[in-house]
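S.K.: Test case, fold it:
(2 chains)
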Amino acid sequence: MSTLQQVLVLYLKSSALDSAVIGWARYDGTGEQPGEPGDSSEPPYETGLAALQDGWRLIQASPIEAHVPGSEFTTSYLKFEFFFEKLVEL
Amino acid sequence: MKKLTTLQMADFAATGLLRFEAVVPDAVNQHFMQAMSELPDESPRDHSQRLMRERAVPEVAPGTPLAQAYDADSAINRVLQVPEVAGAIASLVGQSAVVDHHYLHITFPGGRAQDTHQDSTIDLRRAFDVQMFYFPHAVTLDMGGTRFVPGTHLRIVSEMSLGRYQNILGQQSVVCPAGSVFFFHHGIWHGAGANKGHDKRYVLKIRMCPREPQVRLWDTSDLPESMNEQQPIFWKNPDAPRHPIHQRLMATQPWFEHDTGRLEMINRIHLWRYLTGDESFDMDYWATRVENDPARVS
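M.R.: Modelled structure (predicted):
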């Protein structure tokens, strides 16, 4: 028996974990539910909190950072990234 | 040619794309697809190299004027002469535009979807290139037409750094009849879908660069002076009509974050200033508020 990790990445509307999901990705160490670009049009959860309530463990969250001088109005990557995991015994 | 209207330009400024469905005549689509018919079964790599070697699409050096890049009687030139296509090109990048590169993308059945990305590399310009996507045959949902995220074109990112973003709320995939043409701002986030159908999928992409300021190149006969009139914000009659240009430029996207969604509005205002040559343009006071410096007024 081995312990394998499933990873869920959620991008939220703000730094609040209970704000709405606007982007998502999935990586599955078990190979049972692999994610793929464009594989779904509806998010797996409405909020980050809903993922917690379904058993996902939060393992990383984006820090809230000061803006780089001169780039305050530049938009780039999605800001509010949260990593979750589930451990599966196989 | 049929140049873009002001409202079409506003849609492009806000979303980073315009679509023209089934504008290329069937005869031209069939002309384009001739080189791809009756070829043997072969690997994707062999297929692509055969078409390059046989010049199904000609070689064109970067910087070649678009008007001189393709033989007059070629299928590609016939596509470029379609009134809606010629008008969109003239409106977006001008009639002196040059070719950056082109590529015939071929997606075989099977395989995996391409990661989300922005083409080329970090690009800080307010000026923009456009990428014309020509779909010579019908694209059904299972064929994995290009996936794109409207409104992402003004984000400054570095190409495949986006690869982790498997799905973004509001993403769309191209599903279209034969002879459809899409124009994308060079910055739009996109990726090829997995082809789960039975037939190969072809799309010709041509990146075009302006050689003149992209200022009022479209049909501006419908560009109203009222464009610069400020309308009440937040506390306002909910039934009052919105200025149609403002309505399009201020349209939100499902993936907007609460805070950076506002920055998107400011960045669109700056793009519209460039397109109209009017550096005083503003909507909903977004730019004026943060540019107001009373010490400089007096």
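S.K.: Only the buried residues of stretch A:8-18, if you could.
M.R.: A:8, A:9, A:10, A:11, A:12, A:13, A:14, A:15, A:17 (16 or more other C-beta atoms under 10 Å in any protein chain shown). C-betas here are computed from N, CA, C, even on glycine.
S.K.: ok, which of those residues also contact chain B?
M.R.: A:9, A:11, A:12, A:13, A:14 (C-beta under 8 Å from any C-beta of the partner chain).
S.K.: of those residues, closest to residue B:207?
M.R.: residue A:11 (28.6 Å; C-beta to C-beta).
S.K.: Just want the phi and psi numbers for the nearest residue to residue B:169 once chain neighbours are set aside.
M.R.: Computed as C-beta to C-beta, 6 or more residues apart in numbering or on different chains, the closest residue to residue B:169 that is not its neighbour in sequence is residue B:254, at 4.2 Å. With angles defined as degrees, to the nearest 10, residue B:254 sits at phi -60, psi -30.
S.K.: re the thing from before, can I get the ones next to chain B among the buried residues of stretch A:8-18 in a markdown table including secondary structure and pLDDT?
M.R.: Supplementary listing: these in a markdown table, determined by DSSP: H, G, I helix; E, B strand; the rest coil; pLDDT from 0 to 100:
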| residue | secondary structure | pLDDT |
| --- | --- | --- |
| A:9 | strand | 98 |
| A:11 | strand | 98 |
| A:12 | strand | 98 |
| A:13 | coil | 98 |
| A:14 | coil | 98 |
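S.K.: Just name the closest of those to residue B:248, please.
M.R.: residue A:13 (22.7 Å).
S.K.: Provide the secondary structure category for residue B:134.
M.R.: strand (DSSP: H, G, I helix; E, B strand; the rest coil).
S.K.: what's the burial count for it?
M.R.: If you count neighbours by other C-beta atoms under 10 Å in any protein chain shown, residue B:134 ends up with 26.
S.K.: can you tell me how far the closest residue to it other than its chain neighbours sits from residue B:181?
M.R.: Closest residue to residue B:134 apart from its sequence neighbours, by C-beta to C-beta, 6+ apart: residue B:204 at 4.5 Å. Using C-beta to C-beta, to the nearest Å, one obtains 10 Å as the distance from residue B:204 to residue B:181.
S.K.: re earlier: now do the contacts for the residue nearest to residue B:169.
M.R.: Contacts for residue B:254 were tallied using C-beta atoms under 8 Å, 6 or more residues apart in numbering or on different chains; they are A:22, B:169, B:170.
S.K.: now the residues you listed as JSON lines including secondary structure and distance to residue B:28?
M.R.: Compiled in JSON lines, those are given as follows (DSSP: H, G, I helix; E, B strand; the rest coil; distance: C-beta to C-beta, whole Å):
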{"residue": "A:22", "secondary structure": "strand", "distance to residue B:28": "40"}
{"residue": "B:169", "secondary structure": "coil", "distance to residue B:28": "36"}
{"residue": "B:170", "secondary structure": "coil", "distance to residue B:28": "32"}
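S.K.: what's near enough to touch the residue of the stretch 151-298 of chain B found nearest chain A?
M.R.: Using C-beta to the nearest C-beta, residue B:166 is the residue of the stretch 151-298 of chain B that sits closest to chain A, at 3.8 Å. By C-beta under 8 Å, 6+ apart, the contact set of residue B:166 is A:24, A:25, A:26, A:35, A:36, A:37, A:38, A:39, B:116.
S.K.: Would you mind naming what in chain A lies close to chain B?
M.R.: A:9, A:11-14, A:19, A:21-26, A:35-41, A:43, A:73-80.
S.K.: Narrow those to just the buried residues.
M.R.: So, by 16+ other C-beta under 10 Å, the buried ones in the residues of chain A next to chain B are A:9, A:11-14, A:19, A:21-26, A:35, A:37-38, A:43, A:75, A:77-80.
S.K.: Counting only helices, which of the residues you listed make the cut?
M.R.: Counting by DSSP state H, these place none of their members in helices.
S.K.: Around chain A, pick out the residues from chain B.
M.R.: So far as C-beta under 8 Å from any C-beta goes, chain B lies against chain A at B:112-116, B:144, B:147, B:154-157, B:161-162, B:164-169, B:171, B:173, B:191, B:193-194, B:254-260, B:263-264, B:266-267.
S.K.: got a list of what the nearest residue to residue A:30 once chain neighbours are set aside touches?
M.R.: Using C-beta to C-beta, 6+ apart and skipping residues adjacent in sequence, the residue nearest residue A:30 is residue A:4, 4.9 Å away. By C-beta under 8 Å, 6+ apart, the contact set of residue A:4 is A:29, A:30, A:87, A:88, A:89, A:90.
S.K.: out of those, which one sits closest to chain B?
M.R.: Nearest member of the contacts of residue A:4 to chain B, counting by C-beta to the nearest C-beta, is residue A:29, at 16.1 Å.
S.K.: just the strands in chain A please.
M.R.: A:3-12, A:21-28, A:57-61, A:81-89 (DSSP state E).
S.K.: In its sheet, which strands sit next to the first one, and in what direction?
M.R.: Sheet pairing for strand A:3-12, assigned by DSSP bridges, gives strand A:21-28 (antiparallel), strand A:81-89 (antiparallel).
S.K.: Would you mind getting the angle between it and strand A:57-61?
M.R.: 60 degrees (axes from the mean of the first three to the mean of the last three C-alpha atoms, to 10 degrees).
S.K.: chain center to strand A:3-12: distance?
M.R.: Computed by C-alpha atoms, centre = their mean, to the nearest Å, the chain-centroid distance of strand A:3-12 equals 6 Å.
S.K.: Report the backbone C-alpha coordinates of it in PDB.
M.R.: The C-alpha trace of strand A:3-12 is given here as PDB (Å, rounded to 0.1, in the frame of the first residue of the first chain):
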ATOM      1  CA  THR A   3       0.000   7.000  -0.100                       C
ATOM      2  CA  LEU A   4      -0.500   9.100  -3.200                       C
ATOM      3  CA  GLN A   5      -1.300  12.800  -3.500                       C
ATOM      4  CA  GLN A   6      -4.100  14.500  -5.400                       C
ATOM      5  CA  VAL A   7      -3.600  18.200  -5.900                       C
ATOM      6  CA  LEU A   8      -6.300  20.800  -6.600                       C
ATOM      7  CA  VAL A   9      -5.400  24.400  -7.500                       C
ATOM      8  CA  LEU A  10      -8.100  27.000  -7.200                       C
ATOM      9  CA  TYR A  11      -7.900  30.700  -8.200                       C
ATOM     10  CA  LEU A  12     -10.300  32.900  -6.300                       C
END
